[in-house]
Structures are given as structure tokens and as C-alpha cells.
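> model this:
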Amino acid sequence: MENKKDNRIICGDCLEVFKMIADKSIDLVCTDPPYEFISKDPVGGGIMKKENKKHLKKIKKDFGMSFSPEKLLNECKRVLKAFNGYFFTNKTLLRKYIEFADKNNYSWDLLIWSKTNPIPLNSNHYLLDKEYIVYIKEKGATFNSQLGYENYFTVIERPIGCNNKLGHPTQKPVELIYNAIRISSNENDVVLDPYLGSGTTAVVCKDLNRRCIGIEINPEYVKIAKNRLRQERLFE
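Numbers count the residues shown, from 1 in each chain. Prediction:
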């Protein structure tokens, strides 16, 4: 697959689409893969409002509960010029990303999205009030370190659903994606998002003059992402 100057959104299974992406052709991966984070029926236990039950049911229906990141990480390793990637995850899968980084002698850092309005599900557990973003970097990968210290905090506090109501169950804060891409890529670089969802990575790339290859298996979300890419401007 040749990288065009414009952003590309592809509907398909990312592991199949990866086969069309050339070795060492991508500058940065920024993505929100599925989580293996609800081990039992999502409506059982705890104090939950009706809308939160629907939210968790939709996540389970759309993404399943058995994702493991090894294949994804190895494909990213193949297509990245130097390994350079941000991966949203949770505590269940966090160690797998760290193990991959350690095995390959990559450096890694941990960013946190702290949710100010977490789902009130706390049956014998603390609230699910945070998501982790593992940043894995190979020596030589881009890291712009001259943007001002205020851009390098590892914790961002934002409510769930703070950006829009596009119908995607796991929408992430635009500001977090924006900062990651600005720090870890340069203008005209190619950014890959294998789990594009509602298209936030593509819209950010357009705003920052990066090129995005976005892959999404759900046709409904592909339509939303393409509409956003045509219409949306950030921070207006």
C-alpha cells in the first residue's frame, strides 16, 4: 500500500489490512485497541444506572472480550520505521505491552486518562476511573521535547464523553490524542490507527498536517469517521 498525501480510512479487519502496508513505512501508531476488561456479564453487581448498563453491553457486543495485543504489536513493529506507538489499555493487559517493550529493548512510559465521571460500578473493587496509555519508543523514533513543559504531564483529567456524542462507546479525549501526535511525529509523517473508531486520530492528523491511515472494522464507525474528516475542525 502506497501512502498518499491525504488521510485514508479503510473498512476492514486491521490484521488483514496490515498485510497491504509496506515494511518500515509508518512513523507513528496511535490507537485504542479492544480491552479484555469485563470478565463477567457487564450488568451484574454494583450500583449501575440503566444507561451505563447499555454502555457496557454495547462495548461487549462491538469489541468482544478476548483481545490480546501480541499480533498487533508485532505487525506494528514490522511497519514502523522505528517503533513509536501509543496504545490505550487497562490494567489487565498493561503487562503484555510492557513485556513486549522489555523483550525488544524499547523504552516505555505510562500516561493516564483520569475520568472525573467514572461509571459507578464498584462491587468489591475501586471505581474504573482511569485508562492507561502505554507509550513504547525505540531509539531514534521522533519525540519533540521542545514544546513547553506543560505538554508533558503524564495525567490528563477529563470526563467520559467530554468531546462529542457520536455514538461510539469508548470515545477518547481529543486533547490527549492531539498532544501525543504532536509530540511523537512531524508534519507530513504517516500516522497509523488500526482501531480508528469514530475517527479522532484522523481528524487530529488533518489539523496537525500529518497523514493518517485509519482502519476500522465497523462500517457504522467508518461512516462517522469519514463525515468527521470532511467536516470537523478542532479547537475552533
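> I'd like the next helix or strand past the helix or strand of the chain with the lowest mean pLDDT.
Least confident helix or strand of the chain, by mean pLDDT, DSSP states H and E, is helix 50-63 with a mean of 51. Per DSSP states H and E, helix 50-63 leads on to helix 70-79 as the next helix or strand towards the C-terminus.
> How about residues contacting that next one?
With contacts defined as C-beta atoms under 8 Å, 6 or more residues apart in numbering, helix 70-79 is touched by 14-15, 18, 21-26, 29, 33, 83, 85, 96-97, 100, 104, 192, 194. Yep, even glycine has a C-beta here, placed from its N, CA and C like the rest.
> send the alpha carbons of that helix over as CSV?
Extracted C-alpha coordinates of helix 70-79, given in CSV (Å, rounded to 0.1, in the frame of the first residue of the first chain):
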residue,chain,number,x,y,z
GLU,A,70,0.8,-9.6,20.7
LYS,A,71,-0.2,-9.9,17.0
LEU,A,72,-0.9,-6.2,16.8
LEU,A,73,2.4,-5.2,18.4
ASN,A,74,4.4,-7.5,16.1
GLU,A,75,2.6,-6.0,13.0
CYS,A,76,3.3,-2.5,14.3
LYS,A,77,7.0,-3.4,14.7
ARG,A,78,7.1,-4.5,11.1
VAL,A,79,5.6,-1.4,9.6
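> got the buried residues for that helix?
Neighbour-count burial for helix 70-79 flags 72, 73, 75, 76, 77, 79 (criterion: 16 or more other C-beta atoms under 10 Å).
> Would you check how far apart the residue nearest to residue 14 when sequence neighbours are not counted and residue 18 are?
In this structure, residue 14 finds its nearest non-sequential neighbour in residue 194, 3.7 Å apart by C-beta to C-beta, 6 or more residues apart in numbering. Separation of residue 194 from residue 18 (C-beta to C-beta, to the nearest Å): 7 Å.
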